[in-house]
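Student: fold the stuff below for me.
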Amino acid sequence: MAAASPSVFLLMVNGQVESAQFPEYDDLYCKYCFVYGQDWAPTAGLEEGISQIASKSQDVRQALVWNFPIDVTFKSTNPYGWPQIVLSVYGPDVFGNDVVRGYGAVHVPFSPGRHKRTIPMFVPESTSTLQKFTSWFMGRRPEYTDPKVVAQGEGREVTRVRSQGFVTLLFNVVTKDMKKLGYDTGPVDTQGVLGPSLPQVNPQ
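Tutor: You can find the predicted model right below:
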């Protein structure tokens, strides 16, 4: 008796929110959440998380190291709405209030394997000098009510933002049954993550 062909495929993602570069700021923490299409559903793991507070390293890099784990599995019937991870970084201002220091988003890599991604972060800006001063004085900087809008295109063209900092993510991606459903995930793209080198063979 022939085995029934699968009707869904699985996407398994683990890794970590590794580190960040925010030269102007210290004592930051990070939140993450996943945004995905209607045909996708999480089957295991955590869709969102919040890291510990990290201080800058004392070397020349001045890196904020979280090494905060990511582990989630999704199932879907088609690739439309492929999951994105949305990052929000927060830290104290001069008055001790937690304010946003950066938003960013990136798609989970499409091909299986180990991937490293560096995400440029940005913050919303006030539209006038008076609003800037008022928000600074009141300790209420502009921020999104729902960070998931970062992964969507609607309304982004009317939002004034400023680039600020970078966050580095490490992904380990495994897919199951994609080829059986006719999808080709292509060659492994390691984006600068090196594995063990193959031995060199000299032709005789």
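Student: which element is the residue nearest the centre of the chain on?
Tutor: When CA atoms, centre = their mean is applied to the chain, the residue found nearest the centroid is Ile85 (4.0 Å). If you go by DSSP states H and E, Ile85 is part of strand 84-92.
Student: show me what counts as buried in that strand.
Tutor: Within strand 84-92, the residues that count as buried by 16 or more other CB atoms under 10 Å are Gln84, Ile85, Val86, Leu87, Ser88, Val89, Tyr90, Gly91, Pro92. No exception for glycine: its C-beta is placed from N, CA and C like everyone else's.
Student: which elements pack onto it?
Tutor: Helices and strands touching strand 84-92, by 3 or more CB pairs under 8 Å, 6 or more residues apart in numbering; DSSP states H and E, are strand 29-35, strand 98-107, strand 113-124, strand 161-176.
Student: so for Glu18, which of those sits nearest?
Tutor: When the helices and strands packed on strand 84-92 are compared by CB to CB, strand 161-176 sits nearest Glu18, at 4.6 Å.
Student: pull out the buried positions in the closest one.
Tutor: Gln164, Gly165, Val167, Thr168, Leu169, Leu170, Phe171, Asn172, Val173, Thr175.
Student: just those residues now: which is nearest Phe22?
Tutor: Gly165 (3.9 Å).
Student: residue contacts, the closest one?
Tutor: Ala20, Gln21, Phe22, Pro23, Tyr25, Val89, Arg101, Gly102, Pro120, Met121 (CB atoms under 8 Å, 6 or more residues apart in numbering).
Student: which one is the fourth one nearest to, not counting chain neighbours?
Tutor: The spatially closest residue to Pro23, leaving aside those adjacent along the chain, is Gln62, at 6.4 Å (CB to CB, 6 or more residues apart in numbering).
Student: tell me the confidence at the one you found?
Tutor: If you check Gln62, the pLDDT there is 89.
Student: was I right to think it contacts Gln21?
Tutor: Yes: in this structure, Gln62 is within contact of Gln21 by CB atoms under 8 Å, at 7.4 Å.
Student: now list whatever residues contact both of the two.
Tutor: Common neighbours of Gln62 and Gln21 (CB under 8 Å, 6+ apart) do not exist.
Student: report pLDDT for Ala4.
Tutor: Reported pLDDT for Ala4: 68.
Student: which of the buried residues of strand 161-176 sits closest to Val150?
Tutor: Set against Val150, the nearest of those by CB to CB is Val167 (12.4 Å).
Student: can you flag the buried ones in the contacts of Gly165?
Tutor: Among the contacts of Gly165, those classed as buried by neighbour count (16+ other CB under 10 Å) are Ala20, Phe22, Tyr25, Val89, Arg101, Gly102, Met121.
Student: in a markdown table: those, plus distance to Pro6 and pLDDT.
Tutor: Shown next, in a markdown table, are the buried ones among the contacts of Gly165 (distance: CB to CB, whole Å; pLDDT from 0 to 100):
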| residue | distance to Pro6 | pLDDT |
| --- | --- | --- |
| Ala20 | 39 | 96 |
| Phe22 | 44 | 94 |
| Tyr25 | 47 | 92 |
| Val89 | 38 | 96 |
| Arg101 | 43 | 93 |
| Gly102 | 39 | 94 |
| Met121 | 38 | 95 |
